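>>> Fold the following and give me the result.
(2 chains)
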There are 2 protein chains.
Amino acid sequence: MKLSKANLQERLDHVYDVIVIGGGAGGLSAALYLQRYLLSSLVIEKGRGRSFWMQELRNYLGLPPETPGRSLLQQGKQHVLSVGGDHLPGYVESVVDEGETFAVRVKVGRQESIYPIFRCKYLIVASGIIDHLPMLEDMQNVYDYAGYNLHVCMICDGYEIAQKKCGLFVNTEANIGTAFVLNWFTPYITVFTHGLCEVGPQMRQKLQDHGFPLVETPIKRFLGQDHEMTGVELVDGSQIELETGLVAMGSHHYNEYLRGIELEYQGSSLVTDQMCRTSHPRIFAVGDAKVGINQVSVAVADGTLAATAIWREIRRASPPRRWQENLQAVPAQLG
Amino acid sequence: MKLSKANLQERLDHVYDVIVIGGGAGGLSAALYLQRYLLSSLVIEKGRGRSFWMQELRNYLGLPPETPGRSLLQQGKQHVLSVGGDHLPGYVESVVDEGETFAVRVKVGRQESIYPIFRCKYLIVASGIIDHLPMLEDMQNVYDYAGYNLHVCMICDGYEIAQKKCGLFVNTEANIGTAFVLNWFTPYITVFTHGLCEVGPQMRQKLQDHGFPLVETPIKRFLGQDHEMTGVELVDGSQIELETGLVAMGSHHYNEYLRGIELEYQGSSLVTDQMCRTSHPRIFAVGDAKVGINQVSVAVADGTLAATAIWREIRRASPPRRWQENLQAVPAQLG
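Residues are numbered from 1 along each chain as shown, chains lettered A, B, ... in the order given. The predicted model follows:
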């Protein structure tokens, strides 16, 4: 059921089988499976994750390509509630491993916040990432285009970029390397560092060899209208025409709440086995939180796998259920 | 585009980047990604695979739980066609590894069949499984309930079986073991062997300990109406009341066309790495064709992974694309 400040007290004595941190595609898929395995689960969702921002989910089988990410999330949340899952809007502050259980401390409410602690046997980390965007004076100008034709994921949107004049927005020299993958889709690439990094002579040469202009002057604003970016204006007043853009400035993992627990990472991504189990036997990670490809389809499958692994473990540790009243009986005969 | 006898000749000289054998969830997801990676792909679909039979896809995130499997397939096929993928109804008879390419021989048309050979660089095996069903005199009687409340997948439908009187239909003693997993969902289990296997004393004892009746008399027919099975009638005329059923009689892999190629299997399932690559470097396997959990969500993610691995390999082997006309130029200035 939907939890809130008003009713969450009902669940504070309950030990959930699983708490899922994050209500994106991976977390909702996990909760859906957990509930259908007759386990008890709570999804804690801070809102506005990566899939929320996607304007069109163009590569998730079964949904029309123009489906916005938030439709998937709304449908998924309803689906989870319909099979008895709990869902709480809140921000997880910390997780403490108590041995048999985890204590999950949550900030609920932006004003007059309360800080309840929920308990569970297993934890699924589904809190994903958020992409870094160019930090301009007027961030609304960035949000007007991000997720529309200012893309953040080449795998998702390379197809939309194909053969177009594309701005590649980076913040490190390493991220400039994205240009030499992006050129599979289009050779008309202009690289913008926004003045955030030095670029060495080798990289300059490589860009020049490819014919990819390098713009180091900071950006003042994106140009365009109706969510269609048509270029950038630099702080020196010059303008550069573009038809699309890709932001490759890295991302931030929302997993600070795990800081008290020793876990194996690769970069900021959790390392898992093929069933999405981390190096901690009772902590799983799905979707963008873990090492792998950041795609909705992968997150949804990860939720399936993590829930299945947890179910198997709980089931095997449970006493067998017998048809008590029927130990020696024959089946009911109708005819 | 849609291929058929009438127009497939146009493609016989083309070497596809990838031929996908099977147009279920895994194959369509692979094709969708391949096309969006600007590769050329052909899906060859014999029709009536496992997901076609699913009456309600209850655990695929983003679709309402009552969505039939065939809706997912129809939407997916349209999606693939909309991004330029080729799709051919046909039955793959054989695949020959020619070194740089595969030659895929297809039977097209049930009557006046033709046998074209298509070529590709990579192969994705997405031809899945079909569940064995009880072979009764009147198979229509079985089809009336299979996929409705006569289930074939416990992970998919255990939730619908919960606390109900369930018939478990098996064909080997080993498959009887399913009862001791199914009892997570319901203890009211009656096991039907349909007279297909011997049951040893240990298994008989275990069933008796659990209170699960064992019925070895062959089944005459399923009882019920409007696709709701309410019991079975045995050949001796007796009737047994049930509320639901699970068929656990194994399944058949459609992969005979691979017989000429040495590949690593586990049982009849292809062994793959985490990107769905088989032991052959240019053959991938997705969904039920490979080792893993037989779920739509997993198949869809597998398609994503296989397509991505193939794209990366083709991309890395391709010459870099340069902005030729602009080698020394500055970007077009608008202002």
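>>> The nearest residue to A:N294 once chain neighbours are set aside: neighbour count?
In space, and not counting its chain neighbours, A:N294 is closest to A:D288: 4.6 Å by CB to CB, 6 or more residues apart in numbering or on different chains. From N, CA and C alone the C-beta is placed, and that goes for glycine too. Neighbours of A:D288 under the rule other CB atoms under 10 Å in any protein chain shown: 30.
>>> Low-confidence stretches in the stretch 151-300 of chain A?
Scanning the stretch 151-300 of chain A for pLDDT under 70 picks out no residues.
>>> Tell me if stretch A:49-62 is near chain B.
Yes. Using CB under 8 Å from any CB of the partner chain, stretch A:49-62 reaches chain B at A:58-62.
>>> I'd like to know which of those residues is nearest to A:K164.
A:R58 (15.4 Å; CB to CB).
>>> what's the neighbour count on that closest one?
Around A:R58 there are 19 other residues, counting by other CB under 10 Å.
>>> ok, back up a step: so which of the residues of stretch A:49-62 next to chain B is the most crowded?
Neighbour counts for those peak at A:L61, which has 33 neighbours (criterion: other CB under 10 Å).
>>> dump the residue contacts of A:R204.
The contact partners of A:R204, by CB atoms under 8 Å, 6 or more residues apart in numbering or on different chains, come to A:L214.
>>> give me that answer again for 6 Å
Counting by CB atoms under 6 Å, 6 or more residues apart in numbering or on different chains, A:R204 touches no other residue.
>>> Using a markdown table, lay out the residues of stretch A:49-62 next to chain B together with secondary structure.
Listed next are the residues of stretch A:49-62 next to chain B as a markdown table, based on DSSP: H, G, I helix; E, B strand; the rest coil:
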| residue | secondary structure |
| --- | --- |
| A:R58 | coil |
| A:N59 | coil |
| A:Y60 | coil |
| A:L61 | coil |
| A:G62 | coil |
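>>> Could you dump the residues you listed into TSV and include pLDDT?
Supplementary listing: the residues of stretch A:49-62 next to chain B in TSV, determined by pLDDT from 0 to 100:
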residue	pLDDT
A:R58	94
A:N59	95
A:Y60	97
A:L61	97
A:G62	96
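>>> Write out the residues of the stretch 101-250 of chain A neighbouring chain B.
By CB under 6 Å from any CB of the partner chain, the residues of the stretch 101-250 of chain A that approach chain B are A:159, A:183-184, A:187-188, A:190, A:210-211, A:213, A:231, A:239-241.
>>> quick revisit: helix, strand, or coil at the residue nearest to A:N294?
helix.
>>> And stretch A:113-126, how far out from the chain middle?
Remark: stretch A:113-126 is offset 18 Å from the chain centroid, using CA atoms, centre = their mean, to the nearest Å.
>>> Hmm, A:G128 and the residue nearest to A:N294 touching each other?
Yes. At 4.1 Å, A:D288 and A:G128 qualify as touching, with contact defined as CB atoms under 6 Å.
>>> can you give me the helices in the stretch 51-200 of chain A?
Secondary structure of the stretch 51-200 of chain A (DSSP state H, counting those that start in this stretch): helices at A:69-82, A:139-143, A:154-161, A:173-176, A:179-182.
>>> List of residues touching the longest one?
Right, the one you point to is helix A:69-82. Under the criterion CB under 6 Å, 6+ apart, residues A:28, A:31-32, A:51-52, A:54, A:57, B:61-62 lie in contact with helix A:69-82.
>>> residues near A:W53, how many?
18.
>>> What pLDDT is listed against it?
Listed pLDDT for A:W53 reads 79.
>>> Same question for the one 3 residues further on.
At A:E56 the predicted local distance difference test score is 89.
>>> For the residue nearest to A:N294, list the residues it contacts.
So A:D288 contacts A:128-129, A:294 (CB under 6 Å, 6+ apart).
>>> give me that answer again for 8 Å
With CB under 8 Å, 6+ apart, A:D288 has these contacts: A:24, A:26, A:50, A:128-129, A:251, A:253, A:269, A:294, A:299.
>>> and for A:D288 and A:G128, which residues touch both?
With CB under 8 Å, 6+ apart, A:D288 and A:G128 have common neighbours A:24, A:26, A:50, A:253, A:299.
>>> Out of those residues, name the ones that lie in helices.
A:26, A:50, A:299 (DSSP state H).
>>> of all the residues you listed, which comes closest to A:A6?
A:G26 (28.0 Å).
>>> Closest residue of the stretch 151-300 of chain A to chain B?
The stretch 151-300 of chain A approaches chain B most closely through A:G211 (3.4 Å), counting by CB to the nearest CB.
>>> Which residue is the nearest non-sequential neighbour of that residue?
Excluding its sequence neighbours, the residue lying closest to A:G211 (CB to CB, 6+ apart) is B:W323, at 3.4 Å.
>>> For stretch A:121-137, buried residues please.
If you call a residue buried by 16 or more other CB atoms under 10 Å in any protein chain shown, then stretch A:121-137 has these buried ones: A:121-134, A:136.
>>> oh, I was asking about stretch A:164-178
Buried-residue list, stretch A:164-178, by 16+ other CB under 10 Å: A:165-171, A:173, A:175-176, A:178.
>>> Among those, give me the pair with the biggest separation.
Between any two of those (CB to CB), the greatest distance is 22.7 Å, for A:K165 and A:E173.
>>> re the thing from before, reformat the ones in helices among the shared contacts of A:D288 and A:G128 as JSON lines; add distance to B:Q205 and neighbour count.
Formatted as JSON lines, those follow (distance: CB to CB, whole Å; neighbours: other CB atoms under 10 Å in any protein chain shown):
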{"residue": "A:G26", "distance to B:Q205": "43", "neighbour count": "35"}
{"residue": "A:R50", "distance to B:Q205": "54", "neighbour count": "23"}
{"residue": "A:A299", "distance to B:Q205": "45", "neighbour count": "33"}
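>>> Return the member of the residues you listed nearest to A:G99.
Taking CB to CB as the measure, A:G26 is the one of these closest to A:G99, at 26.4 Å.
>>> can you list the domain ranges for chain A.
Chain A breaks down by the TED database into domains covering A:8-130+A:251-317, A:133-248.
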